[in-house]
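Asks: Kindly return the folded structure for what I paste below:
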Amino acid sequence: MSEAYFNKVVDGAVGDVIASMKGGRNENLNKAAFSIGRHAHMSPANIDSAILQLHAAARQIGLKDFEIKSTIGSGFKRGGENPKQLENSDIQPYIPSELERLVARLASKDLIIRDEESRRDKIKKAQEAWERAVPITRENLDAVKPALLYLNSRGLRASAAVNVAKFTPNAYDGPAIIFAATTPEGEIEGIQSVLLTPDGKKREVNGITKYSRGVIAGNVMQIGETQGEKPIVIVEGPEDALSIRQAAKDDAAVICTFGKAGMATYTPPRASDVTICADPDLDIEKCVDVLKGDGSTQVHVIRFDRLDAENVKDANDYLREAGETKLREALATAQLYEEAKQIQLESERQWPTEFEVIDPSLIPKRRWIYGTHYIRGYVSVLASMGGVGKTSMQQVEACAIALGKALLEEPVREQCNVWVINGEDPYEEMQRRFAAIFIHYGIKPEDIRGKLFLDAGRDLMIQFAKQTRDGIITDEDMLEHMIEKIKRNNIGLVIIDPWVGFNDINENDNVAMNAAVAAARYVADKTDAAIVLTHHIRKTNGEDATVDSVRGAGSLIGAARAARVINRVSQEDAMKLGVSEQEALGIFRVDDGKANLAPPAAKALYRRMHGVELPNGEYVGVCVPFKMPDLFDGVSAKDAQAVQRLIGAAAERGEPMRADARAKSWAGNAVAVQLDLDVDKQHEKARAKAILKKWIDTNVLKVEEWPDKRQGRDVQCVVVGEWINASEVN
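Replies: Numbers count the residues shown, from 1 in each chain. Below is the predicted model:
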């Protein structure tokens, strides 16, 4: 078999582990290792790499190193002892000595812990436990009461469990119903116990309600004979198997694989008629590929969550909600996989749709969270050069939204919980920044508790898309996990800073960037939250940045519904408007770069970084609102007319005022006198200079060449342009 085939097996096994829920994690890891072990001889692919991938997946779901190595070691060895043999393959299974050397090598590399208890011993213990258990029969009804109560709670009659299940009063210090896992020849090699209370409810021990003993992986619970013309129905769990038996009577053979991993490894007899009872999260295509074998087997599929009963996902749910008759009908009308797949595709393509005109007053408003920047269900972008203040601004905005207070004097349209994800700074630095914000704005811990969520650090396991030799891959499992967490914590806004840090793509590749943004948009769509992607801009050679300056592929801005760009305001430019020299430091302007769903802001917003001292003596910059003064605040037409008179009088005396600010008779002095500005103060002189320039540009004043007798050359002087008349002053 090819390396591609083996890699597909590994991908499926790893996916099953990542999808594991509490109570079934070790079991699914064991089955995944078993599956890899069964196929290891069929490919020259790197077995070590496959084992390491299982390690990573197991750590991701919370398992510890010792149990990971032990569980993988047990499952891998059993898989190697039961190799998968495919028709038309000339690759030979391991002989025992080769398998032993392989296992020893993996153990020496500390990838597994060798399973010291032999397979034979485990099987023997499982068989002994099965023999000691009490059969569920009409004659033993009183002795097996907890099991009967449990079955009854699942809508099952005792007759469904006859010769299939047994009862024990002493499994982990209490009663349990037991199901046997057998080989294709019918030999019992493992058991699965569902722990019960005396009144038939599930019992939990060490956080687990089911325990397995012996060898489960690779074996099944079989009800009825699979040889012959009877259809075969495959289910994941024992309760589903009993439900099918109860509904189908003896008209079908039932196979319980004890989980998803077993479904992808079970091989039915050639030319069988197989029906998969698929849970919503089952990879049906992968199972169908295995079940078809050489193509002689027909595979039908039932998805109970798509039938006519609500809140069901498996056969037992459907039995309880719809009854035996409906379950039997569902089995009889199961669709061939290819037909079901085509019907599903057609159901997803119900277009074109005729437009229906409705009353405009019934159309719901767009759900803005903050100003016209963040909107539920959409992606927004904030971009600037590094070190300007965008991170602090977004942190203050996060606090404003979580509190429902306009800390930066912009309206909070909806108070909601906020999640800040920062992949650039360590968590400690983020704590420092938020501590400064809380001090400056007077936020108390109890004000924000439960409303603000923060994750930080360069090692966050969050990646929306990555580029590989095989194409662009999005992390579907991570996305679903993120969606579940956002919903669970009722989060309305997610800030991702910086966006490039949570992807492994070429940011100049439009296709790759589009895939990454699509993944973020998927999260926004599924959670109805606003998602903000914080990004950088290219060097602009001194020009103001616009959305066209955003670094990388244009598809990022194309996919956003709102975008803002931050530009630093130079100290010199701020001082021209009358801002003091000290206050002019740390000012930046926030421009609407794109507003697909709202009109652009009528006026630019300004912010300033303000130093806040922490109790430890450190200073941390905090974004604060800032109102940039208008150049002509407090300046009237009457003032302009008065400056014209001063400058005109000087010209009439033959002593015109100079245009050069270095000159003693500089024309800006006339502006300063009229407006009461002190030219010895740098920012006030800068304002006088800016006003003078504006009046020259608008012909209130003008520049002319005048002879300078002392210098013996012409110099530039300022004279009156178009006089302001009395009506303009009044």
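Asks: Lys689 is in contact with Lys576, isn't it?
Replies: Yes - Lys689 is within contact range of Lys576, at 7.1 Å (criterion: C-beta atoms under 8 Å). Every residue, glycine included, has its C-beta placed from N, CA and C.
Asks: surely Asp317 meets Arg303?
Replies: No - with contacts counted by C-beta under 8 Å, Asp317 stays clear of Arg303, the gap being 12.0 Å.
Asks: Just give me the neighbour total for Ile358.
Replies: Counted with other C-beta atoms under 10 Å, the neighbours of Ile358 add up to 8.
Asks: ignore the last one, Glu338
Replies: Glu338 has 12 neighbours, counted by other C-beta under 10 Å.
Asks: Next, the distance between the ends of stretch 556-563.
Replies: One end of stretch 556-563 to the other measures 10 Å (C-alpha to C-alpha, to the nearest Å).
Asks: From the chain's centroid, how far away is it?
Replies: In terms of C-alpha atoms, centre = their mean, to the nearest Å, the centre of stretch 556-563 is set 18 Å apart from its chain centre.
Asks: likewise stretch 363-377?
Replies: On the basis of C-alpha atoms, centre = their mean, stretch 363-377 is displaced by 21 Å from the centre of the chain it belongs to.
Asks: quick one: contacts for Arg551?
Replies: By C-beta atoms under 8 Å, 6 or more residues apart in numbering, Arg551 lies in contact with Ala383, Glu507, His535, His536, Ile537, Arg538.
Asks: Most neighbours out of these, which is it?
Replies: Using other C-beta under 10 Å as the neighbour test, the contacts of Arg551 are led by Ala383, with 27 neighbours.
Asks: three-state assignment of that one?
Replies: At Ala383, secondary structure determined by DSSP: H, G, I helix; E, B strand; the rest coil is strand.
Asks: please renumber so the chain begins at 9
Replies: Yep, numbering from 9; the last one is Ala391 now.
Asks: Please report the distance of it from Glu580.
Replies: 24 Å (C-beta to C-beta, to the nearest Å).
Asks: Glu293 now?
Replies: Glu293 is 64 Å from Glu580, where distance means C-beta to C-beta.
Asks: just checking, what packs against the lowest-mean-pLDDT helix or strand in the chain?
Replies: Within the chain, no helix or strand scores below helix 563-567, which has a mean of 74 by mean pLDDT, DSSP states H and E. Here helix 563-567 touches strand 387-392, helix 518-535, going by 3 or more C-beta pairs under 8 Å, 6 or more residues apart in numbering; DSSP states H and E.
Asks: Tell me which of those sits most buried.
Replies: With neighbours taken as mean count of other C-beta atoms under 10 Å, those reach their highest mean count in strand 387-392, at a mean of 26.
Asks: strand partners of it, parallel vs antiparallel please.
Replies: strand 538-544 (parallel), strand 570-576 (parallel) (DSSP bridges).
Asks: on that earlier part again, now, among the contacts of Arg559, which is nearest to Trp731?
Replies: Nearest to Trp731 out of those is Ile545 (C-beta to C-beta; 46.1 Å).
Asks: wait, what's in contact with the closest one?
Replies: Ile545 touches Ala391, Ser392, Met393, Ala553, Ser557, Val558, Arg559, Val573, counting by C-beta under 8 Å, 6+ apart.
Asks: what pLDDT does it get?
Replies: The model reports Ile545 with a pLDDT of 83.
Asks: what do you get for Thr176?
Replies: At Thr176, the predicted lDDT confidence score is 94.
Asks: and if you look at Val18?
Replies: At Val18, the pLDDT value in this model is 86.
Asks: Output the contacts of Arg559 as CSV; include the columns distance to Ala443.
Replies: Shown next, in CSV, are the contacts of Arg559 (distance: C-beta to C-beta, whole Å):
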residue, distance to Ala443
Ala391, 27
Glu515, 33
His543, 26
His544, 26
Ile545, 29
Arg546, 33
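Asks: where's Gln254, which helix or strand?
Replies: helix 246-256 (DSSP states H and E).
Asks: Heading C-terminal from that helix, find the next helix or strand.
Replies: Counting by DSSP H and E, what follows helix 246-256 is strand 261-264.
Asks: rewinding a little: closest to Ser82 out of the contacts of Ile545?
Replies: Of the contacts of Ile545, the one sitting nearest to Ser82 (C-beta to C-beta) turns out to be Arg559, at 49.9 Å.
Asks: helix/strand/coil for Ile186?
Replies: Using three-state DSSP, the structure places Ile186 in strand.
Asks: In terms of pLDDT, where does the residue nearest to Met490 when sequence neighbours are not counted sit?
Replies: In this structure, Met490 finds its nearest non-sequential neighbour in Val531, 5.8 Å apart by C-beta to C-beta, 6 or more residues apart in numbering. Note for Val531: predicted pLDDT of 95.
Asks: Could you verify my assumption that Val531 touches His489?
Replies: No - counting by C-beta under 8 Å, Val531 does not reach His489; the two are 10.5 Å apart.
Asks: for the contacts of Arg559, which one is nearest Leu460?
Replies: When those are compared for distance to Leu460 (C-beta to C-beta), His543 wins out at 22.5 Å.
Asks: Show me where the stretch 59-208 of the chain has its helices.
Replies: Secondary structure of the stretch 59-208 of the chain, counting by DSSP state H, counting those that start in this stretch: helices at 73-89, 104-116, 127-140, 153-161.
Asks: I'd like those helices laid out as CSV, including mean neighbour count and distance to Asp56.
Replies: Shown next, in CSV, are the helices of the stretch 59-208 of the chain (neighbours: other C-beta atoms under 10 Å; distance: least, C-beta to C-beta, whole Å):
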stretch, mean neighbour count, distance to Asp56
helix 73-89, 22, 12
helix 104-116, 14, 7
helix 127-140, 15, 23
helix 153-161, 19, 44
